[in-house]
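[1] Turn this into a structure:
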Amino acid sequence: MAEDLTTGGTVRPITRWGAPVMHAPTRPVTEFGDDLHVLVRDMWATMRAAEGVGLAATQVGEDVSVFVFECPDEDGVVHRGVVCNPELVLPTGKDRELDASEEGCLSWPGGYQSVARPNRATVRGHDADGEPIELHGTGLLARCFQHETDHLNGTVFGDRLSARARRKLDEQASELAYRYPDDWPVSPKASAAPLPSGE
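    Presented below is the predicted three-dimensional model:
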């Protein structure tokens, strides 16, 4: 990026699962100008306020195909960037190795469940200025690329779970919902309260 879009944004409320924008495919980015750059700055501010490693535009209520990321790879090296109109390329055959790590989502905060995904991923698309890019991810970064591209296709990771695991995820999120105000992370997360005693 010729211009630093990682600063100067406004923190927005994170859209939760159930909102229509979270469950429908997004529109491709066709204009790489000021409007997109304002959105990207806001996404960076929101992701960092929520302490996330990736954020899709749908998670701030916008139905456009862009995500931002600031995420370590399998070696602990942090990568950051913007991807517009991502196309995901995953390994096949003997090169395909699944990693069943726990996964969470800022749009369903508090819940984590194991999701098997390939441990390597390539994403192709454009940067915030419309220049073609191709990025390669390993470990958590590969998971991030897959998770965020899913968002832009209208898929949340809960859709990839068995019915039993999805129930557990929903229970976890429900138990911790009191910590996340409706406008979180504009309003900060509440501190953890002690568990009630008794039954």
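[2] okay, CA-based contacts and neighbour counts for the rest of this
    Noted.
[3] Paired strands for the longest strand anywhere in the chain, with orientation please.
    The longest strand of the chain (DSSP state E) is strand 78-89. Sheet pairing for strand 78-89, assigned by DSSP bridges, gives strand 66-72 (antiparallel), strand 120-126 (antiparallel).
[4] wait, which of those strands is closest to Glu175?
    Between Glu175 and these, the shortest separation by CA to CA is 27.2 Å, and it involves strand 66-72.
[5] Pull the residues that contact that closest one.
    29, 40, 43-44, 52-57, 78-86, 139-141, 144, 148-149, 152 (CA atoms under 8 Å, 6 or more residues apart in numbering).
[6] buried residues in the longest helix along the chain?
    For the chain, the helix that runs over the most residues, judged by DSSP state H, is helix 34-49. Within helix 34-49, the residues that count as buried by 16 or more other CA atoms under 10 Å are 36-37, 39-49.
[7] tell me the pLDDT at Gly8?
    The per-residue pLDDT reported for Gly8 equals 95.
[8] Surely it touches Arg41?
    Yes: Gly8 lies in contact with Arg41 (CA atoms under 8 Å); the separation is 6.2 Å.
[9] Now a PyMOL select for only the buried ones of the contacts of strand 66-72.
    This is how PyMOL selects the buried members of the contacts of strand 66-72, with burial counted by 16+ other CA under 10 Å:
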select buried, resi 29+40+43+44+52+53+54+55+56+57+81+82+83+84+85+86+139+140+141+144+148+149+152
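[10] Mind picking the two most distant members of the buried residues of helix 34-49?
    It's Leu36 and Ala49 that sit farthest apart of the buried residues of helix 34-49, by CA to CA, at 19.9 Å.
[11] Point out where the protein drops to low pLDDT.
    Along the chain, the parts satisfying pLDDT under 70 run over 1-2, 193-199.
[12] which residues in it form strands?
    For the chain, applying DSSP E gives strands covering 54-56, 66-72, 78-89, 98-99, 102-103, 113-114, 117-118, 120-126, 132-138.
[13] Distance to Pro25 added to those, as JSON lines?
    Formatted as JSON lines, those follow (distance: least, CA to CA, whole Å):
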{"stretch": "strand 54-56", "distance to Pro25": "12"}
{"stretch": "strand 66-72", "distance to Pro25": "12"}
{"stretch": "strand 78-89", "distance to Pro25": "11"}
{"stretch": "strand 98-99", "distance to Pro25": "25"}
{"stretch": "strand 102-103", "distance to Pro25": "21"}
{"stretch": "strand 113-114", "distance to Pro25": "24"}
{"stretch": "strand 117-118", "distance to Pro25": "21"}
{"stretch": "strand 120-126", "distance to Pro25": "16"}
{"stretch": "strand 132-138", "distance to Pro25": "21"}
